[in-house]
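Asks: Test case, fold it:
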Amino acid sequence: MVSDTIPIRKGEEVDIARIENYIRAHIPDLPSEPLTIEQFSAGRSNLTYQLKIGNWEAVLRRPPIGPVAPKAHDMKREFTILQEIQPLYKPAPKPYLFGDETIIGSPFFIMERKHGVLLDTHFPPHIKITDSKCRHLSEVMVDQLVELHGINYKATNLANMTRPIGFMERQVQGWIGRYDKSRTDEIPQVEDLKKWMIDHIPKKSDISIIHYDFKLNNAMFTEDLTEMIGLFDWEMTTVGDPLADLGVAMSYWIEEKDSDLLKRGMGKAPITTNPGFMSRNEFIQSYAEKSGRDVSNIDFYMTFSYFKLAVICQQIYYRFKKGQTQDRRFENFNLFVNNLIQYAHEAAISQR
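Replies: Numbers count the residues shown, from 1 in each chain. Presented below is the predicted three-dimensional model:
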């Protein structure tokens, strides 16, 4: 099986000795072998590393190198969220240990290492692709999103950590602010898009725990692809509008009929373009049926979600443009940002 780890990229090294000392001081009965570290190749934001001490394994998660946007990459918050959610939602990894910036120069946390199948732009060679398998994966994704939104957030400490009232107002204004602070290229449609979103913020919404980065390549499945056994990247998780979570999920859910602008904005087209996968409309309707929620205003959430994705990519491109990261994967992200802004603007116009 192809490994999901690589040697640590240049410029993203961590202090192995200090990490090992910290782990051994806080986790008892570890094997005597020395700590070894490799880096996970996936991911474009936070950095994740595989830790091994003999037969003991874990994952270290830390912010990207260099300056980061205010309130972004909050490792302590993500660690605390996992502590609250994992007992109630099995795909979430168990959090083991939090470390502040005095250990390796930035906050980090250590969590459970899960093993399974990761899916993104292709299926592993040993898996036979069928329409029914793709359909089942779609259904698993719907079911897991519905299950997450069904958790009683008031039974967790997230009720004290979050402010669900006024969530969408803060989201729209907040992501507009993030875009303005990381702006590089001039995109003519963006001002009209911002005004449209502000003018169309929903007046009422449901409240639930939301992952807010729910997508296929943040999930891990059993070898036969029948169950989701892992869901990662809980950085954006909060209590808010579940349709915002659905909208974000659908902004990543690419169809074969979509333009190349969407399909290949980050490289190769995702596997959801394969026959058998639900369309976005089918996914949304299945979610509505299983959750009992009214999705009649989903077009607003889709428009906002494309803008939100554009801002995330813009923040990454801003860091590359300013020399805060040398990762060449990001050098053309401005083109994808431009495309997403235009796509969101077109979606807004279609609703007028």
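
Asks: Helix, strand, or coil at residue 36?
Replies: In three-state terms, and counting by DSSP: H, G, I helix; E, B strand; the rest coil, residue 36 is strand.

Asks: Show me the domain layout of the protein.
Replies: For the chain, automatic domain parsing gives the domain ranges 5-111, 117-350.

Asks: Now the longest one: average pLDDT?
Replies: It stands for domain 117-350. Mean pLDDT, computed over domain 117-350, is 93.

Asks: Then the shortest one?
Replies: Regarding domain 5-111, the rounded mean pLDDT is 91.

Asks: Which helix in this structure has the most residues?
Replies: helix 298-321 (DSSP state H).

Asks: Mind exporting the C-alpha coordinates of it to PDB?
Replies: Extracted in PDB, the C-alpha atoms of helix 298-321 (Å, rounded to 0.1, in the frame of the first residue of the first chain):
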ATOM      1  CA  ILE A 298     -29.300  26.600   0.200                       C
ATOM      2  CA  ASP A 299     -28.300  28.800  -2.700                       C
ATOM      3  CA  PHE A 300     -27.300  31.600  -0.300                       C
ATOM      4  CA  TYR A 301     -25.100  29.100   1.700                       C
ATOM      5  CA  MET A 302     -23.500  27.800  -1.500                       C
ATOM      6  CA  THR A 303     -22.600  31.300  -2.700                       C
ATOM      7  CA  PHE A 304     -21.100  32.200   0.700                       C
ATOM      8  CA  SER A 305     -19.200  28.900   0.800                       C
ATOM      9  CA  TYR A 306     -17.500  29.500  -2.600                       C
ATOM     10  CA  PHE A 307     -16.500  32.900  -1.300                       C
ATOM     11  CA  LYS A 308     -15.200  31.400   2.000                       C
ATOM     12  CA  LEU A 309     -13.200  28.800   0.000                       C
ATOM     13  CA  ALA A 310     -11.800  31.700  -2.100                       C
ATOM     14  CA  VAL A 311     -10.700  33.500   1.100                       C
ATOM     15  CA  ILE A 312      -9.000  30.400   2.500                       C
ATOM     16  CA  CYS A 313      -7.000  30.000  -0.700                       C
ATOM     17  CA  GLN A 314      -6.300  33.800  -0.800                       C
ATOM     18  CA  GLN A 315      -4.800  33.600   2.700                       C
ATOM     19  CA  ILE A 316      -2.600  30.700   1.600                       C
ATOM     20  CA  TYR A 317      -1.600  32.600  -1.500                       C
ATOM     21  CA  TYR A 318      -0.900  35.800   0.500                       C
ATOM     22  CA  ARG A 319       1.600  33.800   2.700                       C
ATOM     23  CA  PHE A 320       3.300  32.500  -0.500                       C
ATOM     24  CA  LYS A 321       3.400  36.000  -2.100                       C
END
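
Asks: can you redo the domains of the chain as a markdown table with mean neighbour count?
Replies: From N, CA and C alone the C-beta is placed, and that goes for glycine too. Shown next, in a markdown table, are the domains of the chain (neighbours: other Cβ atoms under 10 Å):
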| stretch | mean neighbour count |
| --- | --- |
| domain 5-111 | 16 |
| domain 117-350 | 18 |
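
Asks: and residue 109, helix, strand or coil?
Replies: strand.

Asks: tell me the contacts of it?
Replies: Counting by Cβ atoms under 8 Å, 6 or more residues apart in numbering, residue 109 touches 60-61, 75-76, 78-79, 95-99.

Asks: between the residues you listed, which is closest to residue 107?
Replies: When those are ranked by distance to residue 107 (Cβ to Cβ), residue 75 comes first, at 4.0 Å.

Asks: Would you confirm that the closest one contacts residue 98?
Replies: Yes: contact status for residue 75 versus residue 98: in contact at 7.1 Å, counting by Cβ atoms under 8 Å.

Asks: Brilliant, that's me finished.
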